[in-house]
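Next comes the sequence, and after it the predicted model I'd like to discuss.
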Amino acid sequence: MSRPHLPPITEAEFQTQFIQYARLQGFLVAHFRTSRTQRQDGSVFYETPVQADGRGFPDLVLTRPGRLVFVELKAERGRTSLDQDKWIDALKDCGQEIYVFRPSMWKQIETILGGGR
C-alpha cells in the first residue's frame, strides 16, 4: 500500500514544530525574528536587525545543562546562503555543535536532540 502524498511543510511550520520538540527535550531556545519595515515610498520588506557579521547567523540557538547547539532550518529543497555557510563553517571550526535540518530528517533530529538527556 502506498503512502498518500503529503503537501510539503513550510520552513515556518517546520520551525514551530522543531522549537516545540526542542522544548520538550529540555532545551531553552532562542530565535531572532525578522521585522517588517516600511520605506518612505510605502514599499515593505523584511529584515533581521543585526550588526557587524550577523547576516547568516543560524536560525536557532538551543541550550540545556552541558550543551549548546546551533541550528539552521531549511525547507526540504531550501539551500544555505554563502553567509550561512560562513557561520556554519566558523562554528564547526570552533568545535561547536551545529546542524542544518530539513523536515525529512525528523528521526535524526529526535536522536540528536533526545540523546544525552
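Nice, I can see it. Just so it is clear, the structure is predicted and the values come from calculations on it, not from any experiment.

Now do the SS call for Gly56.
Look at Gly56: counting by DSSP: H, G, I helix; E, B strand; the rest coil, its state is coil.

Would you confirm that it contacts Leu91?
No: assessed by CB atoms under 8 Å, Gly56 is found out of contact with Leu91, at 11.1 Å. Where you see a C-beta, it was placed from the backbone N, CA and C, and this is true even at glycine.

packing partners for the top strand by length along the chain?
Counting by DSSP state E, the longest strand found in the chain is strand 67-73. For strand 67-73, the packing partners by 3 or more CB pairs under 8 Å, 6 or more residues apart in numbering; DSSP states H and E come out as helix 11-24, strand 60-64, helix 82-93, strand 97-101.

want to throw the ones you listed into CSV with mean pLDDT?
As requested, those are exported to CSV (pLDDT from 0 to 100):
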stretch, mean pLDDT
helix 11-24, 93
strand 60-64, 96
helix 82-93, 96
strand 97-101, 96
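
Tabulate these (a markdown table), appending distance to Gln108.
Output for the helices and strands packed on strand 67-73, formatted as a markdown table (distance: least, CB to CB, whole Å):
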| stretch | distance to Gln108 |
| --- | --- |
| helix 11-24 | 12 |
| strand 60-64 | 15 |
| helix 82-93 | 17 |
| strand 97-101 | 8 |
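
So what are the sheet partners of the longest strand of the chain and their directions?
With DSSP bridges as the test, strand 67-73 is paired with strand 60-64 (antiparallel), strand 97-101 (parallel).

Could you dump the ones you listed into JSON lines with mean neighbour count and distance to Gly26 added?
Shown next, in JSON lines, are the strands paired with strand 67-73 (neighbours: other CB atoms under 10 Å; distance: least, CB to CB, whole Å):
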{"stretch": "strand 60-64", "mean neighbour count": "18", "distance to Gly26": "5"}
{"stretch": "strand 97-101", "mean neighbour count": "17", "distance to Gly26": "15"}
